[in-house]
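# here you go, sequence then predicted model.
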Amino acid sequence: MAALVIRDVNKRFGPVDVLQGINLEIGSGEFTVLVGPSGCGKSTLLNIIAGLEKQTSGSVEIDGRAVNDVPPRDRDIAMVFQSYALYPSMTVRQNITFGMECRNVPRAERDAAVARVSHLLQIEPLLNRKPGQLSGGQRQRVAMGRALVRDPKLFLFDEPLSNLDAKLRVEMRMEIKQLHQRIHSTMVYVTHDQIEAMTMATRIAVMHHGLVQQFADPETVYNRPANLFVARFMGAPPMNTLPARLVAAGSGVNAVVGTGDEQVVLPLPPEMAGFAGREVILGLRPECIAEERRRFGEDVEPLMVEAPVVMTEPTGAETVVLLVLGGERVLGRLSPDVRLRPGERGRFSLDMRRACLFDPKTETLIG
Amino acid sequence: MREVPFTWTRGLVYIVVVLLAAAYLVPLVVVVLNSLRSAQEIAQTSMIGWPKTWAFGNYAEAWGSFCIAQTCTGIQPFMLNSMIITLPATVLSTLLGAVAGYAISLWRFRGDGWIFGLVTLGVFLPEQMRLIPWTIVLRDVGLSNTLAGLVMIHTIQGMSFTTLFCRNYYLSIPQELMKAARIDGAGFFRIFWRIVLPLSPPILIVTVIWQFTGIWNEFLYGVTLTTGTQQPITAALIALSAAIADAPQHGVQSAAVMVAALPTLLVYVFGGRYFVRGLTAGAVK
């Protein structure tokens, strides 16, 4: 059963359409990530789900109940905020139990809930401290505790990790994911960080300009992006997108990139033969461009191309290389022991099986 | 600390500063000295001078037995009047201003900007302009020539300032805190009481000091809207000088002025530090 249904939700601030016809159906126990650049409307959507803002039109259902006119306190939700939003004058214990205090939960029950949650998050030693005496990571845990103690139908996260330093962010990311695997609650998580989206989500809603660009599982979003925006937003480094002409070659089809001396011919998988004769945008993930000796599968004959190197970025685990292919700049990901100098010509092994084709006008995925 | 080398410009700055400070303090010094001199001594020598004999009796007389407008009780009952006016008016205007500032800054509602504009307009309206409307209001509610009437006026008028102060301070409370509290199920007054008020001492100290000194020192309404035994100390001091216009009693008058100024002086001495700190503080670091 759907834990959360968002139907035709619009939001307008004066002349600005922040959300335009959002439709999402989120199953019970799913971890849905709303991801997009700042200003895409993802936080507004989360606030509307929480009842902190009112949609201009459309409806929100939580656990089968329409909650359009239900105030936040009665929606049976919990929320974790970017700034943690811990009450500064209360102790950690009071912060965690404030919601129960507001609902007149008996003291014994409150104490039991605090004990359970503080054990789960290992914050027992912090219970009598004030938020001002906690580190960023500890505050984050307490904010999680305040949400968890309620056992709500829906957890909402508004960029909860973006105030943490890089190392702690990765740790907390794993913790939240493990937490979800343990308690199987329905979670909606807002972030601008596509890595958080990829690593944590069971399904990702990529948002841009107040529209859901794609709503699918991480693998689909990554390998079959619905349009050029998704292709370029998800993945770091992003997908290479090159204008190409498709030319029939026997029973197959070739993508021709560039003209004259720079022209490169890239044979595409046979199932794309039907697109012969069209102008397209060819999408190729950087990991599909590797050093010469790389093989992408036992019985896959790799495509070899020669191309000049513009720049290399060694990251330790791999080396990102910027090269020119058919007059276009593209990124590849090489084994770190391959050393290429800027200006050199290198030979590269290409995996064309994972190529995507986009319509140059509508920018949507066609093949 | 860095040693600052002496220069002529620097010396000049010191001279100017000391002269200005001295000029500013002269009236206080004259009043303090005269409060300790007898009437004859002042009459025989000059208004400015060091006491030949210390006339501490001036204070006892000013406080308890001097005659003001045919009642010989000193300024004591009028000091009490001022306390009865100032304390409730200060507390009420501060609390109401805190609630109003909280509502305007942290709860968005239709027309909140307009209401804030109207409230702050009250800060800029001159006292004299409001005098006759207040006279009519007091008459209509039956509080003419009463301490309660002045409490009401100062409470309501003070709210313009206290609302402005508190609203500006509360703007630094993050909206996410409000959102978290609403999801936790707290309503308007619970959020105020449990979350906002505990963050408020810096600004409450500022408004209390501001209101206390303002209301204590207020003169126009006191002298216009009350007479006789209902007057606050500021108005009574004028009655006192009028009563002795023919035979000046500068010593007792000075002592009365000193006593009348004491509460606000004490508030500044003990609260001044917090006042400066509070004016520059934010609610959440």
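Right, received. Where do you want to start?
# what about residue A:202, how many residues nearby?
Residues lying near residue A:202 (other Cβ atoms under 10 Å in any protein chain shown) number 15. All C-beta atoms are positioned from the backbone trio N, CA, C, and that covers glycine.
# in contact with it, which residues?
Contact partners of residue A:202, counting by Cβ atoms under 8 Å, 6 or more residues apart in numbering or on different chains, are A:30-32, A:217.
# can you select the buried ones from the residues you listed in ChimeraX?
The buried residues among the contacts of residue A:202 can be selected in ChimeraX (16 or more other Cβ atoms under 10 Å in any protein chain shown) with this line:
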select /A:30,31,32
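# as a markdown table, the contacts of residue A:202 with secondary structure, distance to residue B:168 and pLDDT would be great.
Formatted as a markdown table, the contacts of residue A:202 follow (DSSP: H, G, I helix; E, B strand; the rest coil; distance: Cβ to Cβ, whole Å; pLDDT from 0 to 100):
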| residue | secondary structure | distance to residue B:168 | pLDDT |
| --- | --- | --- | --- |
| A:30 | coil | 44 | 96 |
| A:31 | strand | 42 | 96 |
| A:32 | strand | 40 | 97 |
| A:217 | coil | 49 | 96 |
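# just give me the closest of the contacts of residue A:202 to chain B.
Closest to chain B out of those is residue A:32 (18.6 Å), distances taken as Cβ to the nearest Cβ.
# was I right about the closest one contacting residue A:200?
No: Residue A:32 lies out of contact with residue A:200 (Cβ atoms under 8 Å); the separation is 9.8 Å.
# please identify every residue contacting each of the two.
By Cβ under 8 Å, 6+ apart, residue A:32 and residue A:200 have these common neighbours: residue A:189.
# and residue A:317, which helix or strand is it part of?
Assessed by DSSP states H and E, residue A:317 sits outside every helix and strand.
# mind listing the helices for chain A?
Assigned by DSSP state H, chain A shows helices spanning A:42-50, A:92-102, A:107-121, A:136-148, A:166-183, A:194-200, A:218-223, A:228-233.
# from the chain's centroid, how far away is the fifth one?
When C-alpha coordinates are averaged (Cα atoms, centre = their mean, to the nearest Å), helix A:166-183 and its chain have centres 15 Å apart.
# and if you look at the last one?
Here the centre of helix A:228-233 is set off from its chain's centre by 12 Å, with Cα atoms, centre = their mean.
# quick check: buried residues in it?
A:228-231, A:233.
# elements contacting it?
strand A:203-208, strand A:211-216, strand A:240-249, strand A:279-284, strand A:356-358 (3 or more Cβ pairs under 8 Å, 6 or more residues apart in numbering or on different chains; DSSP states H and E).
# now do 7 Å
With contacts defined as 3 or more Cβ pairs under 7 Å, 6 or more residues apart in numbering or on different chains; DSSP states H and E, helix A:228-233 has these neighbours: strand A:203-208, strand A:211-216, strand A:240-249.
# nearest to chain B among the ones you listed would be which one?
The closest of the helices and strands packed on helix A:228-233 to chain B is strand A:203-208. By Cβ to the nearest Cβ, the value is 20.3 Å.
# what's the angle from that closest one to strand A:211-216?
Relative orientation of strand A:203-208 versus strand A:211-216 (axes from the mean of the first three to the mean of the last three Cα atoms, to 10 degrees): 160 degrees.
# parallel or antiparallel, list what pairs with strand A:203-208.
Under the criterion DSSP bridges, strand A:203-208 sits next to strand A:31-35 (parallel), strand A:211-216 (antiparallel) in its sheet.
# and the ones you listed as JSON lines, adding distance to residue A:78?
Below are the strands paired with strand A:203-208 laid out as JSON lines (distance: least, Cβ to Cβ, whole Å):
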{"stretch": "strand A:31-35", "distance to residue A:78": "15"}
{"stretch": "strand A:211-216", "distance to residue A:78": "23"}
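# so which of those is the most packed in?
Comparing the strands paired with strand A:203-208 by mean neighbour count (mean count of other Cβ atoms under 10 Å in any protein chain shown), strand A:31-35 ranks first with a mean of 25.
# need the residues that contact that strand.
With contact meaning Cβ atoms under 7 Å, 6 or more residues apart in numbering or on different chains, strand A:31-35 is reached by A:26, A:42, A:45-46, A:180, A:187-192, A:194, A:196-197, A:200-207.
# quick one: that strand to chain centroid distance?
The answer for strand A:31-35 is 7 Å, by Cα atoms, centre = their mean.
# using PDB, write down the CA coordinates of that strand.
Only the C-alpha atoms of strand A:31-35 are listed here, as PDB (Å, rounded to 0.1, in the frame of the first residue of the first chain):
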ATOM      1  CA  PHE A  31      13.500   5.400   1.100                       C
ATOM      2  CA  THR A  32      12.700   8.100  -1.400                       C
ATOM      3  CA  VAL A  33      15.200  10.800  -2.100                       C
ATOM      4  CA  LEU A  34      14.100  14.100  -3.700                       C
ATOM      5  CA  VAL A  35      17.200  15.500  -5.300                       C
END
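# mind giving me the domain ranges of the chain?
Since no chain was named, I'll use chain A. The record, using automatic domain parsing to delimit domains, assigns chain A the ranges A:2-233, A:240-358.
# the intended chain is chain B.
Taken from automatic domain parsing, chain B resolves into B:8-64, B:76-280.
# could you tell me the end-to-end distance of the first one?
End-to-end span of domain B:8-64 (Cα to Cα, to the nearest Å): 53 Å.
# could you do stretch A:149-165 as well?
Start-to-end, stretch A:149-165 (Cα to Cα) is 26 Å.
# same check on stretch A:225-241?
Start-to-end span of stretch A:225-241 (Cα to Cα) is 12 Å.
# and what of stretch A:296-307?
With Cα to Cα applied, stretch A:296-307 spans 19 Å between its terminal residues.
# from residue A:276, how far off is residue A:249?
Distance from residue A:249 to residue A:276, counting by Cβ to Cβ, to the nearest Å: 8 Å.
# for residue B:111, same thing?
Per Cβ to Cβ, residue B:111 is found 64 Å from residue A:276.
# stretch B:99-114: how far from the chain's middle?
Averaging C-alpha positions (Cα atoms, centre = their mean) puts stretch B:99-114 27 Å from its chain's average.
# for it, list every residue counted as buried.
B:99-106.
# mind putting the residues you listed into JSON lines with pLDDT, secondary structure and distance to residue B:270?
Shown next, in JSON lines, are these (pLDDT from 0 to 100; DSSP: H, G, I helix; E, B strand; the rest coil; distance: Cβ to Cβ, whole Å):
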{"residue": "B:99", "pLDDT": "96", "secondary structure": "helix", "distance to residue B:270": "26"}
{"residue": "B:100", "pLDDT": "95", "secondary structure": "helix", "distance to residue B:270": "27"}
{"residue": "B:101", "pLDDT": "95", "secondary structure": "helix", "distance to residue B:270": "25"}
{"residue": "B:102", "pLDDT": "95", "secondary structure": "helix", "distance to residue B:270": "27"}
{"residue": "B:103", "pLDDT": "95", "secondary structure": "helix", "distance to residue B:270": "31"}
{"residue": "B:104", "pLDDT": "93", "secondary structure": "helix", "distance to residue B:270": "30"}
{"residue": "B:105", "pLDDT": "93", "secondary structure": "helix", "distance to residue B:270": "29"}
{"residue": "B:106", "pLDDT": "92", "secondary structure": "helix", "distance to residue B:270": "31"}
